[in-house]
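A.B. asks: coords please:
(2 chains)
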Amino acid sequence: MPEGGWAPMATIQARGLTKRFGAAVVAVDHLDFDAIPGGVTGFLGPNGAGKTTTLRMLLGLVTPTSGTVLVDGHRYRDLPEPTKRIGAVLEASGFHPARTARQHLKVVATMAAIPFARVEECLELVGLAEAGDRKVGGFSMGMRQRLELARALLGKPDILVLDEPANGLDPQGIAWLRDFPRFYATETVAGSGGGRIVIVSSHLLSEAQLIVDDVIVLTAGRLAAQGRLVDLLAGSARAVRVRTPDADRLVQALQAANIPAALRDGYVVADGATPEQVAPVMVDNRIHVYEMVSSTESLESLFFSLTGGEPAMAGQPAAPMGDYRRFDQDATAPTVGAGSPPPSAAAWPPPAGAPRQDRP
Amino acid sequence: MTHLLRAEVRKLWTIWSTYVVFGIVVVIDLAFGFGLAYAPGGRRGGEAGIVPHGSSQWFVNIFSVLDNARLLALVLGVLIITGEYRHKTVTPTFLVEPRRGRVVTAKLGIGFGAGLVMGVLTMLAGLLLGYILVALKVHSCLSLGGVSQGMSQAVCASQPIAHHYFVANVHDMWHNWSQIAPGVVLGTGLFAIYGLGLGALLKNQIVAIVVGLIFTLVVETIVGAIWPTIGEYLPGQAATALEDATRTTLRGNNPLLPWWGGAIMLLVYGIALAFVGTFTTLRSDIT
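C.D. replies: Modelled structure (predicted):
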């Protein structure tokens, strides 16, 4: 690392990344992407899209059939101290059931030449300090996830990879997951130059929408979209839904104002319109309004339009844009890209120094 | 590399299966040792297959059980590498050290060390057994009437014509023990490397253990019986050559390599298997 605590920003670069399993299965197909420091990158796609395979190629656990994925311009196996560069929480990673949580971390710390004081720090960080001397065999899924995270954080890595982190987490853990990745990505670290890279893979889009800044969308091993989430959503469809006793009159007035509108299930729905367009029409025509809801497209519907897939619920067709069922989802979902509460307020567990919540 | 070695040691002493394997060695040594000590005949034959209790040959037979430690060392070697796959700890291991050959090298080193420890442990168990038998003053009388176990010296002396009285003594015990000790310790250590090689190649714990034991106990015996000159180059016979450096009692009719030849053969088996395993099985994707 250069003098003065400055180092080039971390980069992850995939070029032509391809993985075949046997002759028939192409898990990842000529994938190009970059991950940017200082934000949380969502690695999204349906099950089997190649998310985990791609991340495992990044981590040197799976050998690409062709193409490269580089960290700071190096293959993972060529990094001098990889755990101090990248920490990874992986689904299929294991523990010896007879080893205690503390011993598990000490084994990894010994291998990676990390002092044991850091083991205690990390146990404290994930709220496992008291369970540290219990055998991992008796741990719940959520505790194992937290132990995995503690292991990933041992080397204070500049790049954190979380593969399907929501799996097995309890509600507290899920709440923590909304803030920790962004907190970790933007935390100023001496020597890291410009924030860290956090990659979160998920097939749970409503969860991911709350967490990520940038998205890389995979479908069938190919890149479907990449960019800032706000930009991707800005270019997508909007709609306004109004509840009013004068529904028929409002539809006519909107159509007269060249705003396409229709009555659906008792609501006036103006596809592609904004509240700024709809509100004057209502005032001009002296129409009473009980409720007006504006929506941008959700990550979920954007995702389905990108992947051409169906919503996860079997048998239920993808809702058309502007359908009222979408509104109900959107009305409860926070605005995309809005500032999350300060990490210190909701960090699970709180950053070092803050009083820790009592955990069961 | 020192970090990897230290981590491998820590991996071993933080799981109970290590202690179980070491414990089994001691139990087998003591149980089978006592069994042989009081068995009516000798295991690998004295004259007419009968070995007088308390004689020097009797200690040879008893201590011959100690070479079984190498089978447990083989199991330990297999466990050291396949346990990582079985419990998927191989993921964090290869995340820390993505150069898999280095991990295997560290495991070979620590496996050898653990095997040596097991060899020392088995010889200490043997020594304990020997001292107990000496303390018990196990004795017998060889006369025209055959071998009489437990006959007192006075009664033995009253037997007609040629008679000989044996009583277990420290000198015989120590002499026989010290003759095989270095060979058993080294052979046990090298067998752990052999097990590691098998584990690296086969990756599956059960398969590697079964293949290792069946090959050593069954295949080698058959090959040794049909083609003794090939048999002497096989791992089990190579280990026997190590123990039998200075005497011919254990080898039966089979030819044996010189002790250093046995050591080299064992080392070659272990390293070659581990090398091939590293570049084939262990190269595969961790999914």
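A.B. asks: residue contacts, A:Gly137?
C.D. replies: Contact partners of A:Gly137, counting by Cβ atoms under 8 Å, 6 or more residues apart in numbering or on different chains, are A:97-98. For the C-beta atoms, the positions are set from N, CA and C on the backbone; glycine is no exception.
A.B. asks: where exactly do the strands run in chain B?
C.D. replies: Remark: strands assigned in chain B by DSSP state E are B:139-143, B:146-149, B:163-167.
A.B. asks: Tell me how many other residues crowd the residue of chain A found nearest chain B.
C.D. replies: When Cβ to the nearest Cβ is the measure, chain A has its nearest residue to chain B at A:Gly94, with 2.6 Å between them. When neighbours are defined as other Cβ atoms under 10 Å in any protein chain shown, A:Gly94 has 20 of them.
A.B. asks: for the nearest residue to it once chain neighbours are set aside, phi and psi?
C.D. replies: Residue nearest to A:Gly94 in three dimensions, not counting chain neighbours: B:Lys88, with 2.6 Å by Cβ to Cβ, 6 or more residues apart in numbering or on different chains. B:Lys88 adopts backbone torsions of phi 60, psi 20, taken as degrees, to the nearest 10.
A.B. asks: Tell me how many other residues surround B:Lys88.
C.D. replies: The burial count for B:Lys88: 16, using other Cβ under 10 Å.
A.B. asks: And the lengthiest helix in chain A, what's buried?
C.D. replies: Of all segments of type helix in chain A, defined using DSSP state H, the longest is helix A:171-186. For helix A:171-186, the neighbour count (16 or more other Cβ atoms under 10 Å in any protein chain shown) marks A:173-174, A:176-186 as buried.
A.B. asks: coming back round to it: so is the residue of chain A closest to chain B in a helix, a strand, or just coil?
C.D. replies: Following DSSP: H, G, I helix; E, B strand; the rest coil, the label given to A:Gly94 is coil.
A.B. asks: That one contacts B:Thr91, correct?
C.D. replies: Yes - with contacts defined as Cβ atoms under 8 Å, A:Gly94 counts as touching B:Thr91 at a distance of 6.4 Å.
A.B. asks: what's the burial count for B:Leu76?
C.D. replies: Every residue meeting other Cβ under 10 Å relative to B:Leu76 is counted, giving 28.
A.B. asks: List the contacts of it.
C.D. replies: B:18, B:21, B:111, B:114-115, B:118, B:192, B:195.
A.B. asks: so what's the closest residue to B:Phe166 other than its chain neighbours scoring on pLDDT?
C.D. replies: If the residues on either side of it in the chain are set aside, B:Phe166 comes closest to B:Gly54, at 3.8 Å by Cβ to Cβ, 6+ apart. Per-residue confidence (pLDDT) for B:Gly54: 84.
A.B. asks: so what's A:Arg196 closest to, chain neighbours aside?
C.D. replies: A:Asp158 (4.9 Å).
A.B. asks: correct me, but the one you found touches A:Ile197?
C.D. replies: Yes - using Cβ under 8 Å, A:Asp158 and A:Ile197 qualify as a contacting pair, with a distance of 6.9 Å.
A.B. asks: Of those two, which one has the most company?
C.D. replies: Neighbours around A:Asp158 and A:Ile197, counted as other Cβ under 10 Å, are more numerous at A:Ile197. The numbers are 27 against 23.
A.B. asks: quick one, phi psi at that one?
C.D. replies: Backbone torsions of A:Ile197, given as degrees, to the nearest 10, read phi -100, psi 130.
A.B. asks: Torsion angles phi and psi at the closest residue to it other than its chain neighbours?
C.D. replies: The spatially closest residue to A:Ile197, leaving aside those adjacent along the chain, is A:Ile159, at 4.5 Å (Cβ to Cβ, 6+ apart). Comment: the main-chain dihedrals of A:Ile159 come out as phi -130, psi 130, following degrees, to the nearest 10.
A.B. asks: List the residues that contact the nearest residue to A:His96 once chain neighbours are set aside.
C.D. replies: The shortest distance from A:His96 to any non-neighbouring residue, by Cβ to Cβ, 6+ apart, is to B:His87 (4.7 Å). With contact set as Cβ under 8 Å, 6+ apart, B:His87 has these partners: A:94-97.
A.B. asks: quick one: contacts for the closest residue to B:Gly183 other than its chain neighbours?
C.D. replies: Setting aside the residues directly before and after it, B:Gly183 is nearest to B:Glu243 in space (Cβ to Cβ, 6+ apart), at 3.6 Å. With contact taken as Cβ under 8 Å, 6+ apart, B:Glu243 is in contact with B:67, B:180, B:183-184, B:187, B:250.
A.B. asks: And the helices in the chain?
C.D. replies: Using chain A here. Taking DSSP H to define them, one finds helices in chain A at A:51-58, A:82-85, A:101-111, A:116-125, A:141-153, A:171-186, A:205-211, A:229-234, A:247-256, A:275-284, A:299-307, A:324-332, A:343-346.
A.B. asks: my question was about chain B
C.D. replies: Applying DSSP H to chain B gives helices spanning B:2-13, B:16-38, B:56-63, B:69-86, B:90-96, B:100-135, B:153-157, B:170-202, B:205-214, B:220-226, B:228-231, B:235-243, B:259-279.
A.B. asks: Chain B contacts on chain A?
C.D. replies: Listed as neighbours of chain B in chain A under the rule Cβ under 8 Å from any Cβ of the partner chain: A:52-53, A:56, A:59-63, A:76-77, A:79, A:82-83, A:88, A:90, A:92-100, A:103, A:106-108, A:110-113, A:151.
A.B. asks: Buried ones only from those residues, please, as a ChimeraX command.
C.D. replies: Applied in ChimeraX, the following selects the buried portion of the residues of chain A next to chain B according to 16+ other Cβ under 10 Å:
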select /A:52,53,56,59,60,61,62,76,79,82,83,88,90,93,94,95,96,99,100,103,106,107,108,110,111,112,113,151
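A.B. asks: Only alpha carbons, please: show stretch A:111-123 as CSV.
C.D. replies: Below are the C-alpha coordinates for stretch A:111-123, written out as CSV (Å, rounded to 0.1, in the frame of the first residue of the first chain):
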residue,chain,number,x,y,z
MET,A,111,-4.3,-19.4,8.4
ALA,A,112,-4.7,-15.8,7.3
ALA,A,113,-2.1,-14.5,9.8
ILE,A,114,-4.8,-12.3,11.6
PRO,A,115,-4.3,-11.7,15.3
PHE,A,116,-6.8,-13.3,17.6
ALA,A,117,-7.9,-9.9,19.0
ARG,A,118,-9.7,-9.5,15.7
VAL,A,119,-11.5,-12.8,16.3
GLU,A,120,-13.0,-11.3,19.5
GLU,A,121,-13.9,-8.1,17.7
CYS,A,122,-15.7,-9.9,15.0
LEU,A,123,-17.6,-12.2,17.4
